[in-house]
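**Q** Task: produce atomic coordinates for the following.
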Amino acid sequence: MPLMRRVRVARSRSAVRWFWRGCAAWLLALLSAPSLATGDCEHAHAVELVRDVHIDAATLAELRTLPPLKALAIDAPPLVSYNPETRRHEGIGIDILCFVGERLGVHFEFSEPDRHQPVFDKLRQVQQGQADLILPISDLASRATQGIFSEEFSRSYYAAIGRRDANILLRNASDVAQYRLDYVAGASIEAMLRKVVPEAQLQPYDNWYDGSLFNAVKRGDIDLALYNAHVFTEKRFVEELFDLETKYIFEDFPRSYRFYFSNSPAHERLVEAMNRFLPALDITASVRAHQEGERIFLERYESKRQQAIWLFVVSVVAGLLCLAALLLLWRHRRQLRRFKKRNKQFEQERRALFEEKQKLESLSLTDPLTNVPNRRHFDERAKIKYAQNVANGTQLSLLIVDVDHFKSVNDHYGHDKGDEYLRSIAATLSDVLARHVGGVARYGGEEFICLLPDTDAAKARSIAEAMRRAVEAARLPNETVTPPWVTISIGVATLLHGDPGLPGLLKQADVQLYRAKQQGRNRVCTTIIGK
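**A** Model prediction:
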């Protein structure tokens, strides 16, 4: 093919490739556009720690084994609300729960709320262990006996809500006794209302989701609705309750909102850990994000409008690009097919060479008998780790392991059985080291070696003892010695300070191995360099 023709074909291939990438990007944007929500934890980043919180490792390990906890939510914006468009829960309480849960390794699952389920039914689910927690809920002594409250994460007050045109004047809490009231059944203010308001004037509502609570006030069936002041502020704009207003706030009846868990030892420990975080949280940004309902609503509306315009423009442009790409593909179909075939063949050959290279490299660094790293591999890695530890000034330990009376194993049972023993011992040592930093390598004959970065003398000896016990527990028979099974001796050298060099560290570990042999075998001897 002439040079200029090859250049034109190459340019065409490049253009077609970019056209198809443009089409793919357009389709991806179009498919992903309807679902822009990032989940229940969208605003968890709005919560910050103002001071460090320490949770001990044992507690964290236990909490991270918990299955996802079933959580129930009460619609109380800005603390908690359910967005039916994204089918997600959001609010200050959700942000706090996500923030703390992420740091404790605990996950929570929220199901779509049942708008006809009363608050006391949800509470009963938690108290009976059918759900793990509910939020937000105010603390009452009667509830505390049947569940576990966290520390307070928000405080609010109840408000008396009436029509704007209603001539209602309330100077104190007892003035509500002269009016007809509705409230959410099971609310913490219920006990106070029943003391000051005649029962005939009280109307509890089981369902607070569908707006019936406020509709009764609008129609004049009820004079006042008792509701959380902060929640009403948010709902007033979102649900366009502009013909209602706050007539009185019960400031002498503050409500402390908390997380409420079912009774269990695991939940007690989880609440203890959460309580360490709650006083150390700065939720200013979360409050701002969830209380500014009007601003957020307008921003979302504007964002959707801009998105629709952007998608329309992108759709038109992408459509034109796709048409151009199809025309180019039609013109160069045969050329591209031939190039594709050649590229496929080249890729197969390249992959085969790469796999062969990987296999050869692996074989050169692995002991073929025990399938653990060989001496060459150990020497290469040990030089790097040794230099890093010396540079960082951290402790470093080296273990040399020798199989006791291994010659008698080969003489009595044969070399095949000796090889089998070496494979078993290598696997046993690797299992022990799997729980620690480091790895075992075969250093030659019946000797194994292990470098333990960032490991002090006490921990190194503990690991060596675990190796010795594990090999002894395997009870590999050796009738020629006492006890009649295979044991190992281990020399340990720990570098505390200084730089004796890797050969110096090896020498000290070998000296300790010799001591272990001299003292009767099946034991660990250690030394510390640079005390």
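
**Q** Would you mind giving the dihedral angles phi and psi of the closest residue in space to residue 166 that isn't next to it in sequence?
**A** Excluding the flanking residues, the one nearest residue 166 by CB to CB, 6 or more residues apart in numbering is residue 223, at 6.9 Å. In this view, the C-beta of every residue, glycine as well, is placed from N, C-alpha and C. Backbone torsions of residue 223, given as degrees, to the nearest 10, read phi -80, psi -40.

**Q** Wait, residue 223 touches residue 182, no?
**A** No: if you go by CB atoms under 8 Å, residue 223 and residue 182 don't touch, sitting 9.0 Å apart.

**Q** can you list residues touching both of the two?
**A** Residues touching both residue 223 and residue 182 (CB atoms under 8 Å, 6 or more residues apart in numbering): residue 217.

**Q** Quick check on those two: which one has the bigger neighbour count.
**A** When residue 223 and residue 182 are compared for neighbours, residue 182 comes out ahead with 24 against 20, by other CB atoms under 10 Å.

**Q** so that one bridges to which residues?
**A** residue 203, residue 225 (DSSP bridges).

**Q** show me what contacts residue 109?
**A** 68, 69, 70, 71.

**Q** By neighbours, which of those residues wins?
**A** Highest count within those by other CB under 10 Å belongs to residue 71, 24 neighbours.

**Q** where does this protein dip in pLDDT?
**A** Counting by pLDDT under 70, the chain has low-confidence residues at 1-40, 206-210, 292-301, 349, 352-363, 437.

**Q** okay, now the domains of it?
**A** Split into domains by automatic domain parsing, the chain comes to 3-32+298-331, 38-291, 375-529.

**Q** Using CSV, lay out these together with distance to residue 342.
**A** Shown next, in CSV, are those (distance: least, CB to CB, whole Å):
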stretch, distance to residue 342
domain 3-32+298-331, 12
domain 38-291, 44
domain 375-529, 39
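
**Q** what helices or strands is the biggest helix by length in the chain leaning on?
**A** Scanning the chain for the longest helix, with DSSP state H as the assignment, gives helix 293-331. Contacts defined by 3 or more CB pairs under 8 Å, 6 or more residues apart in numbering; DSSP states H and E place helix 293-331 against helix 3-32, helix 229-238.

**Q** switch the cut-off to 10 Å
**A** The helices and strands touching helix 293-331, judged by 3 or more CB pairs under 10 Å, 6 or more residues apart in numbering; DSSP states H and E, are helix 3-32, helix 229-238, helix 284-291.

**Q** buried sites along that helix?
**A** The neighbour-count check on helix 293-331 (16 or more other CB atoms under 10 Å) flags 293, 314, 318, 321, 322, 325, 328 as buried.

**Q** What of stretch 249-264?
**A** 250, 255, 256, 257, 258, 259, 260, 261, 262.

**Q** what's near enough to touch the nearest residue to residue 137 once chain neighbours are set aside?
**A** Closest residue to residue 137 apart from its sequence neighbours, by CB to CB, 6+ apart: residue 260 at 4.5 Å. With contact taken as CB atoms under 10 Å, 6 or more residues apart in numbering, residue 260 is in contact with 72, 122-123, 126-127, 132-139, 143-144, 146-150, 271.

**Q** Give the bridge partners for residue 260, please.
**A** Assigned bridge partners for residue 260, using DSSP bridges, are residue 134, residue 149.

**Q** Which stretches in the stretch 401-531 of the chain count as helices?
**A** Here the stretch 401-531 of the chain has its helices, by DSSP state H, counting those that start in this stretch, at 406-413, 415-433, 457-474, 501-518.

**Q** Let me know which of those helices is the nearest to residue 76.
**A** helix 457-474 (50.8 Å; CB to CB).

**Q** buried ones in that closest one?
**A** Buried residues in helix 457-474 (16+ other CB under 10 Å): 457, 459, 460, 461, 463, 464, 466, 467, 468, 471, 472.

**Q** Adding distance to residue 408, write these out as JSON lines.
**A** Putting the buried residues of helix 457-474 into JSON lines (distance: CB to CB, whole Å) gives the following:
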{"residue": "457", "distance to residue 408": "32"}
{"residue": "459", "distance to residue 408": "33"}
{"residue": "460", "distance to residue 408": "29"}
{"residue": "461", "distance to residue 408": "28"}
{"residue": "463", "distance to residue 408": "27"}
{"residue": "464", "distance to residue 408": "23"}
{"residue": "466", "distance to residue 408": "25"}
{"residue": "467", "distance to residue 408": "21"}
{"residue": "468", "distance to residue 408": "19"}
{"residue": "471", "distance to residue 408": "16"}
{"residue": "472", "distance to residue 408": "17"}
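
**Q** could you measure residue 129 against residue 495, distance?
**A** According to CB to CB, to the nearest Å, residue 129 stands 54 Å off from residue 495.

**Q** Between these two, which is the more surrounded one?
**A** residue 495 (23 against 12).

**Q** Distance check, that one against residue 399.
**A** Using CB to CB, we find residue 495 at a distance of 13 Å from residue 399.

**Q** Residue 370 now?
**A** 16 Å.

**Q** gap between residue 371 and residue 450?
**A** Residue 371 sits 16 Å away from residue 450, taking CB to CB as the criterion.

**Q** Kindly report the same for residue 159.
**A** For residue 159, the distance to residue 450 - CB to CB - is 69 Å.

**Q** next one: residue 302
**A** 63 Å.

**Q** Closest one of the buried residues of helix 457-474 to residue 230?
**A** Proximity of the buried residues of helix 457-474 to residue 230 (CB to CB) peaks at residue 459, which lies at 53.1 Å.

**Q** can I assume the closest one is in contact with residue 397?
**A** Yes: using CB atoms under 10 Å, residue 459 is in contact with residue 397, at 7.6 Å.

**Q** Pull up the overlap in contacts between those two.
**A** Common neighbours of residue 459 and residue 397, using CB under 10 Å, 6+ apart, are 452, 494.

**Q** on that earlier part again, roughly how far out does the longest helix of the chain sit from the chain middle?
**A** Relative to the centre of its chain, helix 293-331 is centred 34 Å away, using CA atoms, centre = their mean, to the nearest Å.

**Q** List the contacts of the closest residue to residue 96 other than its chain neighbours.
**A** In space, and not counting its chain neighbours, residue 96 is closest to residue 153: 5.4 Å by CB to CB, 6+ apart. Residue 153 makes contact with 79, 92-93, 95-97, 100, 135-136, 256-259, 274, 277-279, 281, 283, according to CB under 10 Å, 6+ apart.

**Q** Just these: which are in strands?
**A** 135, 136, 256, 257, 258, 259, 281 (DSSP state E).

**Q** and the closest residue to the last one other than its chain neighbours, how many neighbours?
**A** Closest residue to residue 281 in three dimensions, ignoring its sequence neighbours and counting by CB to CB, 6+ apart: residue 47, at 5.7 Å. Using other CB under 10 Å, residue 47 has 22 neighbouring residues.

**Q** for residue 212, same thing?
**A** Residue 212, neighbours per other CB under 10 Å, totals 13.

**Q** Same check on residue 185?
**A** The number of residues packed near residue 185 is 16, by other CB under 10 Å.

**Q** Nearest residue to it in space, ignoring adjacent ones along the chain?
**A** residue 204 (3.8 Å).
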